[in-house]
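> Any chance you could fold what I've pasted below:
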Amino acid sequence: MNHFLDIHKTDPAALHGIIDQAKEMKQARQGRPKGMTDDSQPLAGQMVALIFEKPSTRTRISFDVGVRQMGGQSMVLSGKDMQLGHGETIADTARVISRYVDLIMIRTFDETVLTEMAEYASVPVINGLTDRTHPCQIMADIQTYEEHRGSIKGKKVVWAGDGNNVCASFLHAAAQFGFDLTFTGPAQLDPEDEFVGLARKAGSKVVIERDAYKAVEGADLVVADTWVSMHDSQSSKERRHNMLRPYQVNEDLMSHAKPDALFMHCLPAHREEEVTSAVMDGPQSVIFDEAENRLHAQKAIMRWCLGV
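Coordinates of the predicted model:
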């Protein structure tokens, strides 16, 4: 059984296969109505549970549409519907849901909810996001980069801002796909040492550079993410803004990267905070291709999990 829990827990050959299939499935849909199912309908007769303890726009829509395009059916459940871990253990919930569905995608806060779900489920489980990692997003990002610039192997990726869950999955991907990553941000928001060490052990060059302009020199890809969470207090937001202002991605910063460097952001973005509109809407930005590719990458992940 193939769970998709984190990029570093998935074999590199399988990861490359997922990316290749995502590209093929995207190409096959060119010119087709968005509501039309794929010709092969690989999920026909399959039921997928989409569990959202944490709110979502792109994850919810892309997974739901992806299941339907592949001929399957989806059941969308919120944290309020299930109250995971409140009154019933995660283990028992996993055992029960597995009797009803063929695949589980869960977007949650605590990583232990995901890992316990996978341990006790008798069907594959996909990590739709935890507070620690976001692997589906990075698979879409790699697909996007390779569509525009070819293989990401050996390239320099620069992460600007907060070493958060998306940054963590980029470090996992650096180890598995063979690219280098430079983190530029305040020391208080550095990525986890464990993930930095994992990438370095795999042979990727990981650099921590406080000067954003030095960091982006020679960059093939510059990535930013929101500075604040919807759950942060007002005082916390103000502190984070003060720390992160030197790491805003703007036209001046991008001019220090390679001339053909791409810009990515997983969205939603706070324009004029972590990134300016001039960059988001500029010629180097591929943010909407990146958002679309969540659909195709996740379809390929689901197929890999189910072996169809």
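
> CA only for contacts and neighbour counts going forward, please
Fine.

> Quick check: Cys136 vs Gly87, distance?
Separation of Cys136 from Gly87 (C-alpha to C-alpha, to the nearest Å): 30 Å.

> quick one, which of those two is more surrounded?
Neighbours per residue (other C-alpha atoms under 10 Å) separate Cys136 from Gly87, with Cys136 holding more: 25 against 8.

> On the three-state scheme, the more buried one is what?
helix (DSSP: H, G, I helix; E, B strand; the rest coil).

> and what of the one 10 residues further on?
When the structure is split into helix, strand and coil by three-state DSSP, Glu146 lands in helix.

> now it, nearest residue through space, not along the chain?
Ile152 (6.2 Å; C-alpha to C-alpha, 6 or more residues apart in numbering).

> For the one you found, list the residues it contacts.
Residues near Ile152 by C-alpha atoms under 8 Å, 6 or more residues apart in numbering: Ile142, Tyr145, Glu146, Phe177, Gly178, Phe179.

> ok, now with 10 Å
Ile142, Gln143, Tyr145, Glu146, Ala174, Phe177, Gly178, Phe179, Asp180, Asp220, Leu221 (C-alpha atoms under 10 Å, 6 or more residues apart in numbering).

> ditto for Glu192
Arg132, Gly163, Asn164, Asn165, Cys167, Ala168, Leu171.

> swap in Thr115?
So Thr115 contacts Leu5, Ile90, Ala91, Ala121, Val125, Asn127 (C-alpha under 10 Å, 6+ apart).

> For ChimeraX, what selects the buried ones among those?
Of those, the buried ones go into a single ChimeraX selection, burial set by 16 or more other C-alpha atoms under 10 Å:
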select :5,90,91,121,125,127
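
> would you list the contacts of Thr115 in CSV and tack on pLDDT, secondary structure and distance to Glu238?
CSV is the format used below for these (pLDDT from 0 to 100; DSSP: H, G, I helix; E, B strand; the rest coil; distance: C-alpha to C-alpha, whole Å):
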residue, pLDDT, secondary structure, distance to Glu238
Leu5, 98, coil, 33
Ile90, 94, helix, 36
Ala91, 96, helix, 39
Ala121, 98, coil, 41
Val125, 98, strand, 37
Asn127, 98, strand, 31
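
> Which of the contacts of Thr115 sits closest to Arg200?
Nearest to Arg200 out of those is Leu5 (C-alpha to C-alpha; 20.9 Å).

> how about the helices in the stretch 101-250 of the chain?
Secondary structure of the stretch 101-250 of the chain (DSSP state H, counting those that start in this stretch): helices at 111-120, 135-149, 165-177, 193-201, 212-215, 234-244.

> Distance from the chain centre to the lowest-mean-pLDDT helix or strand in the chain, please.
Across the helices and strands of the chain, mean pLDDT, DSSP states H and E gives its lowest value to helix 79-82, namely a mean of 78. On the basis of C-alpha atoms, centre = their mean, to the nearest Å, helix 79-82 sits 23 Å off its chain's mean C-alpha point.

> That one packs against which elements?
Applying 3 or more C-alpha pairs under 10 Å, 6 or more residues apart in numbering; DSSP states H and E, we find helix 79-82 packed against strand 47-52.

> and the strand it packs on, average pLDDT?
Across strand 47-52, pLDDT averages out at 97.

> any weak-confidence spans in the stretch 51-200 of the chain?
85 (pLDDT under 70).

> again, 90 this time
Low-confidence segments of the stretch 51-200 of the chain (pLDDT under 90): 55, 78-88.

> returning to that earlier point: would TSV of the contacts of Thr115 with distance to Ile19 be doable?
Shown next, in TSV, are the contacts of Thr115 (distance: C-alpha to C-alpha, whole Å):
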residue	distance to Ile19
Leu5	16
Ile90	31
Ala91	31
Ala121	26
Val125	19
Asn127	17
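
> Of the contacts of Thr115, which is the nearest to Val206?
Out of these, the member with the shortest distance to Val206 (by C-alpha to C-alpha) is Leu5, at 22.8 Å.

> what sits against the closest one?
105-106, 111, 114-115, 118, 124-130, 133-136.

> Please enumerate the strands of this protein.
Listed in chain order, the strands of the chain (DSSP state E) span 47-52, 73-78, 103-107, 125-129, 156-160, 180-184, 206-208, 221-224, 262-265.

> could you check the angle strand 103-107 makes with the second one?
Orientation note: strand 73-78 sits at an angle of 30 degrees relative to strand 103-107 (axes from the mean of the first three to the mean of the last three C-alpha atoms, to 10 degrees).
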